[in-house]
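A.B. asks: Mind looking at a prediction? Sequence and model below.
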Amino acid sequence: MSGIRGVISDFGGVLTNPLQEGFAAVQRSSGISFEALGTALARLAEEDGVHPLFELETGRLSEADFLARLGRALTEDLGRPVELQGFGEAYFAELRPNEPMIERMRELSAQGYRMALLTNNVREWQPLWRPMLPVDEIFEVLVDSGFVGLRKPDAEIYELTLDRLDLPASACLFVDDTDVNCDAARALGMTAVHFRDTEQALGEISAALDGAPPPA
């Protein structure tokens, strides 16, 4: 019988449609390829000694500064002016709630499971994504990398989430769409479901809970 008493879910790509769809929309609107973005980010990371996306997701770099620096790098690389303001709005305009996953999380909360939302995100984007789902109705704990200065797959952000849930790792199920994040959760002793599609994830969540009754 399952000993799981808590569920920790990612946001983007699990409780929404795939994140690639948001990035594809930005690519279409800006005319900037994934390859060009990757090249510019890699150059900035080499210059700074730290990846700018990681700095953005931990709140050490503001969205405005990140977009300005990336825009300048792309302007140099592409030989044309690049303006990235409105990136977040264009990105989130393409993201939609994954209703079956949200409903499953709601059910688990109603059954008595301790619920946490653990997301790598941008501080300035919280007003864009929080209205997409009933965060406070389902999750008693929200850990947003942009506000806590840590990000997955660093062990510290998982440990912080477990501390706020007041549960050991062995009592938690973790759901995320990134394999390395799931590996990090498993290394701490959590059961992890690597989300690849909704049907697969729902099945693996049910299997992990093993038909156990709701927590006391």
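C.D. replies: It's in.

A.B. asks: And the lowest-mean-pLDDT helix or strand in the chain, what's buried?
C.D. replies: When the helices and strands of the chain are scored by mean pLDDT, DSSP states H and E, helix 19-30 comes last with a mean of 79. For helix 19-30, burial by neighbour count (16 or more other C-beta atoms under 10 Å) applies to 19, 22, 25-27, 30. Using the backbone N, CA and C atoms, a C-beta is placed for each residue, glycine as well.

A.B. asks: Greatest separation within those: which pair is it?
C.D. replies: Leu19 and Ser30 (16.5 Å; C-beta to C-beta).

A.B. asks: From the contact counts, what lies against the least confident helix or strand of the chain?
C.D. replies: Applying 3 or more C-beta pairs under 8 Å, 6 or more residues apart in numbering; DSSP states H and E, we find helix 19-30 packed against helix 87-93.

A.B. asks: residues in contact with the helix it packs on?
C.D. replies: 22-23, 25-26, 29-30, 63, 67, 122, 124-125, 128-129, 132 (C-beta atoms under 8 Å, 6 or more residues apart in numbering).

A.B. asks: how about the residues you listed, which pair is most distant?
C.D. replies: Maximum pairwise distance in these, criterion C-beta to C-beta, is 22.6 Å, between Ser30 and Met132.

A.B. asks: if I read this right, Asp177 contacts His194, doesn't it?
C.D. replies: Yes. Counting by C-beta atoms under 8 Å, Asp177 touches His194, with 7.3 Å between them.

A.B. asks: re earlier: tell me the one among the buried residues of helix 19-30 nearest to Glu76.
C.D. replies: Looking across the buried residues of helix 19-30 and measuring by C-beta to C-beta, the closest to Glu76 is Ser30, at 15.8 Å.

A.B. asks: Spit out the contact partners of that closest one.
C.D. replies: By C-beta under 8 Å, 6+ apart, the contact set of Ser30 is 82, 84, 90.

A.B. asks: what's near enough to touch Leu84?
C.D. replies: Leu84 neighbours (C-beta under 8 Å, 6+ apart): 30, 67-68, 70-71, 74.

A.B. asks: Got a quick ChimeraX command for the buried subset of the residues you listed?
C.D. replies: For the buried members of the contacts of Leu84, the matching ChimeraX selection, counting by 16+ other C-beta under 10 Å, is:
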select :30,67,70,71,74
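
A.B. asks: so where is the chain shaky, pLDDT-wise?
C.D. replies: The chain contains residues with pLDDT under 70 at 1-2, 211-216.

A.B. asks: how about 50 then?
C.D. replies: Along the chain, segments meeting pLDDT under 50 span 1.

A.B. asks: Domain-wise, how is it divided?
C.D. replies: 6-17+96-209, 20-92 (automatic domain parsing).

A.B. asks: which of those sits most buried?
C.D. replies: domain 6-17+96-209 (a mean of 18; mean count of other C-beta atoms under 10 Å).

A.B. asks: Ends of that domain, what's the gap?
C.D. replies: 10 Å (C-alpha to C-alpha, to the nearest Å).

A.B. asks: Next, name the residue at the spatial heart of this structure.
C.D. replies: Residue closest to the average C-alpha location in the chain (C-alpha atoms, centre = their mean): Thr119, at 3.7 Å.

A.B. asks: where's the residue lying closest to that one once chain neighbours are set aside, which helix or strand?
C.D. replies: Nearest non-adjacent residue to Thr119, counting by C-beta to C-beta, 6 or more residues apart in numbering: Phe11, 4.0 Å away. Phe11 belongs to no helix or strand when elements are defined using DSSP states H and E.
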